[in-house]
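Visitor: Next come a sequence and a model predicted from it.
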Amino acid sequence: MRIEVFLQESPLMATIRAGRQFETRMAGLLSAQKVNFSGALILASILLEDPGKVKPSDLAAVLSTTRGNISHSLAALEANGLVTRRLDPEDARAHHVALKPEGKKIAMQVVRVLHRMETSFEKRVGPAQIKTFNRVLKELQEEGRRGV
């Protein structure tokens, strides 16, 4: 097909393909844990914050997704016994999310896997190239937000 050359040579499409492959690889690593990639990121995010201080709206902001997506993922994590939600004592409209012991165990595994993958990538690419790569990706994200 005519578009094949574009798809193979486009750095934007290569980035999208790499992201999809990364998510697929992570899904395979996490399948035994009863958690998907989004759930894994949520668990890791909660683990790395102060206990009892994480709100779903904070997760949505930091993970660049909607509160609806976070709510859906939290419901699945809660159903699997990995997290709990409690009302904010200062604001009855808000909830705080905390890890249960099994959720903490999985979150620690997720952090280890992500760290291994990042370290491997950093060794292959190098710090200067990673800095440039991240800058370019941020520029592309901004263009996408502006509709360019």
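Guide: It's in. Numbers count the residues shown, from 1 in each chain.

Visitor: List the residues that contact the residue lying closest to Pro51 once chain neighbours are set aside.
Guide: Nearest non-adjacent residue to Pro51, counting by C-beta to C-beta, 6 or more residues apart in numbering: Ala98, 6.2 Å away. (Each C-beta comes from the backbone N, C-alpha and C, glycine too.) By C-beta atoms under 8 Å, 6 or more residues apart in numbering, Ala98 lies in contact with Ile46, Pro51, Gly52, Val54, Val83, Thr84, Arg86.

Visitor: Just the buried ones among the residues you listed, please.
Guide: Restricting the contacts of Ala98 to buried positions leaves Ile46, Val54, Val83, with burial counted as 16 or more other C-beta atoms under 10 Å.

Visitor: Narrow the contacts of Ala98 to those in strands?
Guide: Among these, the ones falling in strands (DSSP state E) are Val83, Thr84, Arg86.

Visitor: ok, those residues vs Met1, which is closest?
Guide: Val83 (44.8 Å; C-beta to C-beta).

Visitor: Now find how far off-centre stretch 70-88 is within its chain.
Guide: Between the centre of stretch 70-88 and the centre of its host chain there is 16 Å, according to C-alpha atoms, centre = their mean, to the nearest Å.

Visitor: Please work out which residues outside that stretch touch it.
Guide: Outside stretch 70-88, the residues touching it (C-beta under 8 Å, 6+ apart) are 34-36, 38-39, 42-43, 46, 52, 55-57, 59-60, 63, 94-100, 102-103, 106.

Visitor: Please point out which parts of that stretch sit buried.
Guide: Applying 16+ other C-beta under 10 Å to stretch 70-88 flags Ile70, Ser73, Leu74, Ala76, Leu77, Asn80, Leu82, Val83 as buried.

Visitor: Thanks a lot, see you next time.
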